[in-house]
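Undergrad: here is my input, please return the structure:
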Amino acid sequence: MVKAKMANTQFVKKIQDIMRNDPGINGDAQRIEQLSWILFLKVYDDREVVWNLERDNYISIIPTGLHWREWARDEKDGQNLTGDELLNFVNNELLPGLKRIVITPETPISHAIVKDAFIDANNYMKNGILLRQVVNVVDQIDFTDPKDRHFFNDIYEGILKGLQSAGNSGEFYTPRALTDFIAERLQPKLSEKTADLACGTGGFLTSTLNILSQQVKTVNDRKKYNQAVFGIEKKGQPYILAVTNLLLHDVDNPDIIHGNSLEKQVTEYSENEKFDVIMMNPPFGGSELPIIKQNFPTDLQSSETADLFLALIMYRLKENGRVGIILPDGFLFGNDGSKLNIKKRLLHEFNLHTIIRLPGSIFSPYTSIATNILFFDQTKTTKETWFYRLDMPDGYKHFSKTRPMKLAHFDPVRKWWNDRQEIKEGDNFKAKAYTVKELEDNNYNFDLCGFPTENEEILPPFELMERYIEERAELNDQIDTTLDALKKLLEGDN
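TA: Residues are numbered from 1 along each chain as shown. Got it, this is the predicted structure:
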């Protein structure tokens, strides 16, 4: 069993120190990818110990000789694989063998995830002795022991903080305060199905499970819990982390698909493919192949990935279903054809009841893009939309890896949520409701109750360049909006 002293940062740091000496590991992204599949195998092996006890005639999908307990465990008898022998086994037997696993339509989800987890997995380590040291550290954790399983939450957060600064991998990280707050507002229930259609490492799914676990009282409740969440993730490394995290939240059949949510015609979804609750932080500014746009009606086809996911949600939400989605400022004031049409649908086919303007730097250092949470449901059409500006907490100039946003920082909006009042500070509104007509008269510009203009910060050159690029993109959107309005006025005069 892992001792208390090896929790969280010490575990991650120990792995990091070992891998830094390996010539094959180049930076945080490769280190985290390497650790992800190693952790998955250990967690899965420990879950199989439980399944063997609980299920009659349990048969593992992992081929003989490739189970963690068969090659990774150090029995202190001098017979464990290490050095070149271990490298040869991992590169030529373990990873190829797991990738060759055959999946059929009858294969249980708990088995199918093994092949999916290893489709894109790689061994970057070139020193077999160092690889043995990493394996030994991971093997000390007993994921069948509640105390050690608790440590994984801390280890997981350590991995996510590494992802946050690992280049493009930061796109998979959503601060836990955000996922917990959105889940708290939407209040998922055991009888419902909750989804994240670009789930990354599974933050929204585990925030949901933390709420649902408190509702489990009976054996039937446990079955509902095991089927309560659904995710799709396109990239391999966050997929492995998401599946591992769900296994450690007692979900024996993690219903997470390794694929792209946008690859199917949205009009073809059946009622069985819709969800009661959807929570998402879709990729901002991403790009998809041109053929992906053709999966959407012409009026909703966008070059912005986040817009496509918002349109997708409209086709995958059940009647009376509810949504919490994080979107950049560009969506609020953007007025190109698809954004305008999406906004019209939100107001006239859904109930867009709340928009929370979030303080800056929440996703720092990955991006400084300003973000918002849109809450809507399919209970009725919109009568009014409340805007609430959540200010930076006292004592903070900005968030960072060492001072991230905390759930307690949402206390002001929690207090306001059930007793909504208009709030005005000086010449600016901090909270205000706008009718659909007012939003229409404002040319569907949702950039309301925003932050007062602040004095310019002195930033490092590269961060300054990044901010200028983002501001230029936002300014271009605003110019397009103005030109479009002028064009309509001129057309009306003719």
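
Undergrad: what does stretch 174-185 contact?
TA: 157, 200, 203-204, 206-208, 210-211, 279, 281, 324, 326, 362-363, 373, 375, 404-407, 409-410, 417 (Cβ atoms under 8 Å, 6 or more residues apart in numbering). C-beta here means a position set from N, CA and C on the backbone, and glycine is covered the same way.

Undergrad: please produce a ChimeraX select command covering the buried subset of these.
TA: Selection of buried members from those for ChimeraX, criterion 16 or more other Cβ atoms under 10 Å:
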select :200,203,204,206,207,208,211,279,281,324,326,362,363,373,375,404,405,409,410,417
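
Undergrad: okay, Asp480: pLDDT?
TA: You'll see Asp480 listed with a pLDDT of 73.

Undergrad: isn't it right next to Asp336, touching?
TA: Yes. Counting by Cβ atoms under 8 Å, Asp480 does reach Asp336; the two are 6.2 Å apart.

Undergrad: coming back round to it: in helices, which of the contacts of stretch 174-185 appear?
TA: The members of the contacts of stretch 174-185 that map onto helices under DSSP state H are Glu157, Gly203, Phe204, Thr206, Ser207, Thr208, Asn210, Ile211, Trp417.

Undergrad: look up how far Thr179 lies from the second one.
TA: For Gly203, the distance to Thr179 equals 4 Å [Cβ to Cβ, to the nearest Å].

Undergrad: just the last one next, same as before
TA: In this structure, Trp417 and Thr179 are 17 Å apart, going by Cβ to Cβ.

Undergrad: what do you get for the fifth one?
TA: Between Ser207 and Thr179 the distance is 4 Å, computed by Cβ to Cβ.

Undergrad: any residues in contact with both of these two?
TA: Met279.

Undergrad: in the host helix or strand of Lys13, what counts as buried?
TA: Using DSSP states H and E, Lys13 maps to helix 9-20. For helix 9-20, the neighbour count (16+ other Cβ under 10 Å) marks Gln10, Phe11, Val12, Ile15, Gln16, Ile18, Met19 as buried.

Undergrad: how about stretch 419-434?
TA: Within stretch 419-434, the residues that qualify as buried by neighbour count (16+ other Cβ under 10 Å) are Phe429, Lys430, Ala431, Lys432, Ala433, Tyr434.

Undergrad: which of those sits closest to Asn127?
TA: Of all these, Asn127 sits closest to Lys430, with 56.2 Å by Cβ to Cβ.

Undergrad: what's the closest non-adjacent residue to that closest one?
TA: Nearest residue to Lys430, sequence neighbours excluded (Cβ to Cβ, 6 or more residues apart in numbering): Ile423, at 4.1 Å.

Undergrad: just Lys126 next, same as before
TA: What sits nearest to Lys126 in space, not counting adjacent residues and going by Cβ to Cβ, 6+ apart, is Gly24, at 3.7 Å.

Undergrad: would you confirm that that neighbour belongs to a helix?
TA: No. Gly24 sits outside any helix when classified using DSSP: H, G, I helix; E, B strand; the rest coil, being coil.

Undergrad: look up how far Gln34 lies from it.
TA: Gly24 sits 9 Å away from Gln34, going by Cβ to Cβ.

Undergrad: and if you look at Ile356?
TA: Going from Ile356 to Gln34 by Cβ to Cβ gives 37 Å.

Undergrad: likewise His249?
TA: For His249, the distance to Gln34 - Cβ to Cβ - is 23 Å.

Undergrad: circling back to that earlier point, got a list of what the residue nearest to Lys430 touches?
TA: Contacts were defined as Cβ under 8 Å, 6+ apart; by that measure Ile423 touches Trp416, Phe429, Lys430, Ala431, Lys432.

Undergrad: over to the nearest residue to Glu192 once chain neighbours are set aside. Which of the three states is it?
TA: Distances taken as Cβ to Cβ, 6+ apart place Asp276 nearest to Glu192, at 3.6 Å, with adjacent residues excluded. Three-state call for Asp276 (three-state DSSP): strand.

Undergrad: change the start of the numbering to 38 and stick with it
TA: Okay, using 38 as the starting number, the last item reads as Asp313.

Undergrad: number of residues surrounding Asp313?
TA: 19 (other Cβ atoms under 10 Å).

Undergrad: next one: the one 10 residues further on
TA: Around Gly323 sit 16 other residues, with neighbours defined as other Cβ under 10 Å.

Undergrad: surely it meets Thr342?
TA: Yes. Using Cβ under 8 Å, Gly323 is in contact with Thr342, at 3.4 Å.
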